[in-house]
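**Student:** how would this look folded up:
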Amino acid sequence: VLRNEGSPLSGLVEVWQGPDSTPQRIQIQSDDGYTYPFSAVLETPNGQNSVAIRNLGPMEFPMGACVVADVEDAMAGGNKVAGTGAIVQTLNDLGRHVPINGE
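**Tutor:** Next comes the predicted model:
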């Protein structure tokens, strides 16, 4: 989940996976990061993967980011079908929010 307190939201999500760690990129744009936050389910099969999140907006428009691992899938050995099962944690259950400032 990427969101902010109602200002323009501009971010970049990268998923690094595969034997050569080639990133797949998603650029996020929203006029209002509170009313229209970004949320997605990303499948990261076959071992170790990394997710990078960057704020492309100026420092005046910080954003909050949350990445949650699917614990049920890890316990199933990576064989669970995507989109099934309960959500592990909600955004509010994750504790302290850390804003990500622009470059």
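**Student:** okay, now Q17: neighbour count?
**Tutor:** With neighbours defined by other CB atoms under 10 Å, the count for Q17 comes to 19. The C-beta positions use only the backbone N, C-alpha and C, and glycine is treated the same way.
**Student:** just L12 next, same as before
**Tutor:** Residues within reach of L12, counting by other CB under 10 Å, total 15.
**Student:** quick one: pLDDT of it?
**Tutor:** Per-residue pLDDT puts L12 at 92.
**Student:** hmm, it is touching I26, no?
**Tutor:** Yes - L12 is in contact with I26 according to CB atoms under 8 Å; the separation is 7.3 Å.
**Student:** which residues in the protein form strands?
**Tutor:** Secondary structure of the chain by DSSP state E: the strands cover 2-3, 9-17, 22-30, 50-55, 63-65, 99-100.
**Student:** figure out which of the ones you listed is closest to E43.
**Tutor:** Go through the strands of the chain one by one with CB to CB and the one that ends up closest to E43 is strand 9-17, at 9.0 Å.
**Student:** quick check: I28 vs S7, distance?
**Tutor:** The span separating I28 from S7 equals 14 Å under the rule CB to CB, to the nearest Å.
**Student:** picking up where we left off before, the strands of the chain: lowest mean pLDDT?
**Tutor:** The weakest mean pLDDT among the strands of the chain belongs to strand 99-100, with a mean of 52.
**Student:** ok, back up a step: who wins for proximity to T44 among the strands of the chain?
**Tutor:** Distance to T44, taken as CB to CB, is lowest for strand 9-17 among these, at 5.7 Å.
**Student:** show me what counts as buried in the closest one.
**Tutor:** Of the residues in strand 9-17, those with enough neighbours to count as buried (16 or more other CB atoms under 10 Å) are 9-11, 13, 15, 17.
**Student:** can you pull out the residues in contact with that strand?
**Tutor:** The set of residues external to strand 9-17 that reach it, using CB atoms under 8 Å, 6 or more residues apart in numbering, is 2-3, 22-33, 36-38, 40, 42, 44-46, 49-57, 61, 63, 65.
**Student:** list only buried entries from the residues you listed.
**Tutor:** With neighbours counted by 16+ other CB under 10 Å, the contacts of strand 9-17 contain buried members at 2-3, 28, 30, 33, 37-38, 44, 53-55, 57, 61, 63, 65.
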